[in-house]
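Enquirer: Predicted model follows, preceded by the sequence.
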Amino acid sequence: MHDMPQNLQSMRNAKIFSFIAAACSASVGIFSKGAFNSGLEPMHVAFYKTLLAFIIVSIFVLLSSNFRNDVLSMAKNAMRISLCAFFGIFILYNFETLAYAYEYISTVTFILLSTCTITTIIFSCTLLSEKIGMCNVFSSAFCLIGLWLLFNNPNISLANMGGILATIAGIGYGLFLVLTKKYAISCSIFAYLWWLLGFGTLFLAFPFLLNNPSIPSLRSLIFISPLSVFPTILGFYCTTKALTYTKVSKIQIYELAEPIFASLFAFIIFGEHPSMTTIAGGIFILFAIYHEQLSVSSI
């Protein structure tokens, strides 16, 4: 009985950080579209937003002795963090942006989120020994139905190049979530973010240099800057913070609120009215999040 308030508080914190991360990630499509229209290739966008994010975090590290000490103390975990960066930044950003060259953003998002959901369920059981109860299974099923309704497109296929690339990106992000939870690196999350972005920038530099590298224009930076701050810095920070409070499978379900935020942003900024299937999909996902609360006592 004494653990219950703590569990409820942890779940509340996990939801808050997960929803913030989802809202930040939902801004990717808006700013990426602007960056593409400004003349940048997808590979360039992935590299520059990660590089700028790393520079911003590095400035804070240089200005704070506490952050510097945390970064230095985390050097012993460099190999583990590099593996997280490989899946969470290189695989996710590299294959996600490549998929946009073959498929609509909505199609890529649907395949990526669905694949990530399945990946986290499988590997949280095998690598983390998390117990996935029937409540988790039903919640995941509701989420997948909701995603299908949100991105209802008869042309969605895993057999074409765009579908394959989006699937790889989803697997990468799912493995990032699981590995970050598995290693449970005990130090400042900000310091972890510095190492993560540093390795991510290094990994993304290779495809960037092989893809006709160019210097971004001032117009491009207008879109790259918010991409660096919101989905990259705040998104990864909040996701990592949420993972300290509860299971990976729960975090993934909460972060599936991302397309709901994306639809809301599209309505506010572009005046795009959601269809009935989009609204139905959002209701399914919200119900899944509510249903997941029924298993709070299993944390």
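Expert: Alright, I've got the coordinates.

Enquirer: Centre of the chain to stretch 54-73, how far?
Expert: 23 Å (C-alpha atoms, centre = their mean, to the nearest Å).

Enquirer: Contacts made by that stretch with the rest, please.
Expert: 187-188, 190-191, 193-195, 197-198, 200-201, 228-229, 233 (C-beta atoms under 8 Å, 6 or more residues apart in numbering). Where C-beta positions appear, they are placed from N, C-alpha and C, glycine not excepted.

Enquirer: quick one: low-confidence ranges for the stretch 51-200 of the chain?
Expert: 106, 150-159, 186 (pLDDT under 70).

Enquirer: which residues of it fall in helices?
Expert: Using DSSP state H, counting those that start in this stretch, the helices of the stretch 51-200 of the chain run over residues 65-73, 78-85, 92-99, 105-126, 134-150, 161-183, 189-209.

Enquirer: what's the closest of the ones you listed to Phe265?
Expert: helix 105-126 (12.7 Å; C-beta to C-beta).

Enquirer: which ones are touching Ala166?
Expert: By C-beta under 8 Å, 6+ apart, Ala166 lies in contact with 95-96, 99, 103, 107-108, 111-112, 115.

Enquirer: Over to Glu258?
Expert: Counting by C-beta under 8 Å, 6+ apart, Glu258 has contacts 22-23, 25-26, 109, 113.

Enquirer: need the residues you listed in TSV with neighbour count, can you?
Expert: What follows is these, written out as TSV (neighbours: other C-beta atoms under 10 Å):
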residue	neighbour count
Ala22	21
Ala23	22
Ser25	26
Ala26	23
Thr109	26
Leu113	27
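
Enquirer: closest to Tyr183 among those residues?
Expert: Ser25 (22.1 Å).

Enquirer: confidence score at the closest one?
Expert: Note on Ser25: pLDDT of 90.

Enquirer: Does it touch Ile233 like I think?
Expert: No. Between Ser25 and Ile233 there is no contact under C-beta atoms under 8 Å: 12.0 Å.

Enquirer: Just the buried residues from the contacts of stretch 54-73, in PyMOL please.
Expert: Buried members of the contacts of stretch 54-73, defined by 16 or more other C-beta atoms under 10 Å, are picked up in PyMOL with:
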select buried, resi 188+190+191+193+194+195+197+198+200+201+228+229+233
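
Enquirer: circling back to that earlier point, deepest of the helices of the stretch 51-200 of the chain, which one?
Expert: helix 92-99 (a mean of 25; mean count of other C-beta atoms under 10 Å).

Enquirer: To His291, which of the helices of the stretch 51-200 of the chain lies closest?
Expert: Closest to His291 of the helices of the stretch 51-200 of the chain, according to C-beta to C-beta: helix 134-150, at 4.9 Å.

Enquirer: Using PDB, write out the CA atom coordinates for that closest one.
Expert: C-alpha atoms of helix 134-150 as PDB (Å, rounded to 0.1, in the frame of the first residue of the first chain):
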ATOM      1  CA  MET A 134      -3.100  -8.500 -21.200                       C
ATOM      2  CA  CYS A 135      -3.700  -4.900 -20.400                       C
ATOM      3  CA  ASN A 136      -0.500  -4.000 -22.300                       C
ATOM      4  CA  VAL A 137      -1.500  -6.200 -25.200                       C
ATOM      5  CA  PHE A 138      -4.900  -4.600 -25.500                       C
ATOM      6  CA  SER A 139      -3.500  -1.100 -25.200                       C
ATOM      7  CA  SER A 140      -1.000  -1.800 -28.000                       C
ATOM      8  CA  ALA A 141      -3.800  -3.300 -30.200                       C
ATOM      9  CA  PHE A 142      -5.900  -0.200 -29.700                       C
ATOM     10  CA  CYS A 143      -2.900   2.000 -30.600                       C
ATOM     11  CA  LEU A 144      -2.300   0.100 -33.800                       C
ATOM     12  CA  ILE A 145      -5.900   0.300 -34.800                       C
ATOM     13  CA  GLY A 146      -5.800   4.000 -34.000                       C
ATOM     14  CA  LEU A 147      -2.700   4.500 -36.100                       C
ATOM     15  CA  TRP A 148      -4.300   2.700 -39.000                       C
ATOM     16  CA  LEU A 149      -7.300   5.000 -38.800                       C
ATOM     17  CA  LEU A 150      -5.200   8.100 -38.400                       C
END
